[in-house]
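Visitor: With the input below, show me the fold.
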Amino acid sequence: MEHLTKETFIEKIFDYENNKEWAYKGALPCVIDFYADWCGPCKTLAPIMEELDKQFAGKVNFYKVDTEVEHELAQVFAIRSIPSILMVPMGKAPQMSAGAPSKAQFAQAITDILVEGK
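Guide: Numbering: from 1, shown residues only. Predicted coordinates:
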């Protein structure tokens, strides 16, 4: 699981500085976890993200953005509560959700939104 900086986000996900309309650059759908080290629910979600990264290897990429370090990315996505999870399907608009889902709920959402493309 890769930690994204502003630079790697622009390179791998979306160049928000030069594009107004969403245009995902990745080859696989992805999940981006906006978190902070001090956040209790974020700490609960971290091992679930690691497990799902392994479970969906080769189908979905997983990324993390530390909102305490990457203030601009947090502002671009209007992050007001953490954890916030951005699901980025191929060819469709991304979907943001706040809170820490259970592993089963998260896996089902990934399957529905990203893998099967519902």
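Visitor: could you list every residue that touches residue 102?
Guide: residue 48 (CB atoms under 8 Å, 6 or more residues apart in numbering). Just so you know, the C-beta spots here come from the backbone N, C-alpha and C atoms, and that holds for glycine as well.
Visitor: how would you label the residue nearest the centre of the chain: helix, strand or coil?
Guide: Centroid-nearest residue in the chain: residue 32, 1.1 Å away (criterion: CA atoms, centre = their mean). Using DSSP: H, G, I helix; E, B strand; the rest coil, the structure places residue 32 in strand.
Visitor: ok, now which ones touch it?
Guide: 4, 13, 63, 64, 65, 85, 86, 88.
Visitor: please redo it, this time with the cut-off set to 7 Å
Guide: 63, 65, 86, 88 (CB atoms under 7 Å, 6 or more residues apart in numbering).
Visitor: would you say the third one is within a helix?
Guide: No. The assignment for residue 86 by three-state DSSP gives strand, which leaves it out of any helix.
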